[in-house]
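> Pasting the sequence and the predicted model now:
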Amino acid sequence: MELMGNQEMVEISKLIYKYWLAYFDHISNRKNVNMYEASKKVFLQTACEWTGVPLKENESDKRASQLSNLFENAASVGLKHWKSRRERIKAEKWIEELVHDIRNGNFNLDKDKALYKFSWFHDIDGKLLGEKVVAVEILNLLRPMTAVSVWVANIGLAMYQFPEEAKKLQNGEEKKIMMFLQETRRYYPFFPFTVAKVKKDFEYNGFKFKKGTITLLDLYGTNKHPEDWSNPQQFIPERFEHWEQTPFNFIPQGGGSYDFGHRCAGEFVTMAMLKATMDFLIKHITYDIPEQSFDFNFNDIPAVPNDGFIINNVRFI
Ligand code: HEM
């Protein structure tokens, strides 16, 4: 959580801008741009620079596809699942080698970067973490930051399904953008539930939980619960204008406290990345949204519109 302060959010927002500018600088304005695929690359570049992981320009497509495999196919069965496991091993190797080089003095890195901090972190027994542990923790930043692209595709879907709400964003008012983003995260779940196994017998609200029971936390249902949300099945960004958050009423990225509960450590990062992307789309370019398929398969986790939100005729303002 030490890495998730205001200063870091400003840095991440600047990096998002930098990499979107670079991305569109190289694209012909006639080309169709699949914003889901594009944001995977831009977000991975941002994540790598922020954490201190070196990434060459010609390596970024390959790595973005490798890390996407970890969240696109992890919940699949069969071949896709095995591919995801293989890619995970390769990604871990990539970072483990960097940790090895840092510890052997072959690679110098800014001391504020996550890769440096994790590589030199000592546990409570005063021992350095294993190289693999550091790699997994760094990938716990790179992978979900790349996965924020799913919500970029869903922002496109929201703009398509609710054009009246999208129009309200045109003057780039920060409050309106934030409300639209929150409603997107509420309305289109990244995943519908999370899974946990009961560690020891306990009772909660009259329900008995036996050790070993597999339980689901219903993210989708909680974010649409009629006791907390009026007209939950409607897309109404304004609902976030006078809204009181509790640790458990809005849980698109888990619930409870950031430090001690099961709430995503990267929720502020997610919002900073999406906000900077929306700012860029609204204030820095103009574009058209051509005919495309915004259908998606409800069985997919995460569910992403088939065409991934395509834009074209992109021009800098
Ligand atoms: C893409 C959207 C995201 C979703 C849907 C999501 C969801 C979640 C959920 C549900 C948890 C809690 C798991 C549990 O304890 O049961 C979690 C934990 C975590 N998330 Fe995210 N997350 C997202 C983005 C991010 C981002 C952008 C980052 C990094 C900057 C991040 C970093 C983490 C970390 C490090 C944890 C583990 C915290 C811990 O175990 O103490 N996540 N996330």
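Perfect, I can see it now. Numbers count the residues shown, from 1 in each chain.

> Can you tell me which residues in the stretch 151-300 of the chain are near the ligand?
Neighbours of the ligand within the stretch 151-300 of the chain, by CB under 6 Å from any ligand atom: Phe190, Thr194, Gln253, Gly254, His262, Cys264, Ala265, Gly266, Val269, Thr270. Glycine gets a C-beta too; all of them are placed from N, C-alpha and C.

> a markdown table please, covering those residues and showing pLDDT, secondary structure and neighbour count.
Below are those laid out as a markdown table (pLDDT from 0 to 100; DSSP: H, G, I helix; E, B strand; the rest coil; neighbours: other CB atoms under 10 Å):
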| residue | pLDDT | secondary structure | neighbour count |
| --- | --- | --- | --- |
| Phe190 | 92 | coil | 22 |
| Thr194 | 91 | strand | 15 |
| Gln253 | 96 | coil | 19 |
| Gly254 | 95 | strand | 16 |
| His262 | 91 | coil | 15 |
| Cys264 | 96 | coil | 16 |
| Ala265 | 96 | coil | 16 |
| Gly266 | 97 | coil | 21 |
| Val269 | 98 | helix | 22 |
| Thr270 | 98 | helix | 20 |
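
> between those, which is nearest the ligand?
Gly266 (2.0 Å; CB to the nearest ligand atom).

> Which helix or strand contains the closest residue to the closest one other than its chain neighbours?
Excluding its sequence neighbours, the residue lying closest to Gly266 (CB to CB, 6 or more residues apart in numbering) is Pro144, at 5.5 Å. Using DSSP states H and E, Pro144 sits within helix 131-147.

> Which strands or helices does the longest helix anywhere in the chain pack on?
Determined from DSSP state H, the single longest helix within the chain is helix 79-103. If you count contacts as 3 or more CB pairs under 8 Å, 6 or more residues apart in numbering; DSSP states H and E, helix 79-103 packs onto helix 60-72, helix 114-119, helix 131-147.

> if we go to 6 Å?
helix 60-72, helix 131-147 (3 or more CB pairs under 6 Å, 6 or more residues apart in numbering; DSSP states H and E).

> now that helix, how far from the centre of its chain.
In terms of CA atoms, centre = their mean, to the nearest Å, the centre of helix 79-103 is found 20 Å from the chain centre.

> Report the buried residues of that helix.
The neighbour-count check on helix 79-103 (16 or more other CB atoms under 10 Å) flags Ser84, Glu87, Arg88, Ala91, Glu92, Trp94, Ile95, Glu96, Leu98, Val99, Ile102 as buried.

> returning to that earlier point: how much does the helix holding Pro144 deviate in direction from helix 79-103?
Here helix 131-147 runs at an angle of 120 degrees relative to helix 79-103 (axes from the mean of the first three to the mean of the last three CA atoms, to 10 degrees).

> phi, psi of the residue lying farthest from the centre of the chain?
Farthest-out residue of the chain from its mean C-alpha position, per CA atoms, centre = their mean: Gly206, at 35.3 Å. With angles defined as degrees, to the nearest 10, Gly206 sits at phi 80, psi -10.

> What of Thr286?
phi -120, psi 150.

> rewinding a little: who touches the longest helix of the chain?
66, 69-70, 73-74, 107, 119, 131-132, 134-135, 138-139 (CB atoms under 6 Å, 6 or more residues apart in numbering).

> how does it look with 8 Å?
53-54, 63, 66-67, 69-70, 72-74, 76, 107, 109, 115-116, 118-120, 128, 131-132, 134-136, 138-139, 142-143 (CB atoms under 8 Å, 6 or more residues apart in numbering).

> circling back: so which of the helices and strands packed on helix 79-103 gets nearest the ligand?
Using CB to the nearest ligand atom, the helices and strands packed on helix 79-103 put helix 131-147 closest to the ligand, at 3.2 Å.

> quick one: is that closest one near the ligand?
Yes: interface with the ligand: helix 131-147 contributes Asn140, Leu141, Pro144, Met145, Ala147 (CB under 6 Å from any ligand atom).

> Report all helices and strands that the helix or strand that that helix is followed by contacts.
As assigned by DSSP H and E, the chain's next helix or strand after helix 131-147 is helix 149-161. Counting contacts by 3+ CB pairs under 8 Å, 6+ apart, helix 149-161 is packed against helix 35-51, helix 163-167, helix 174-187, helix 267-283.
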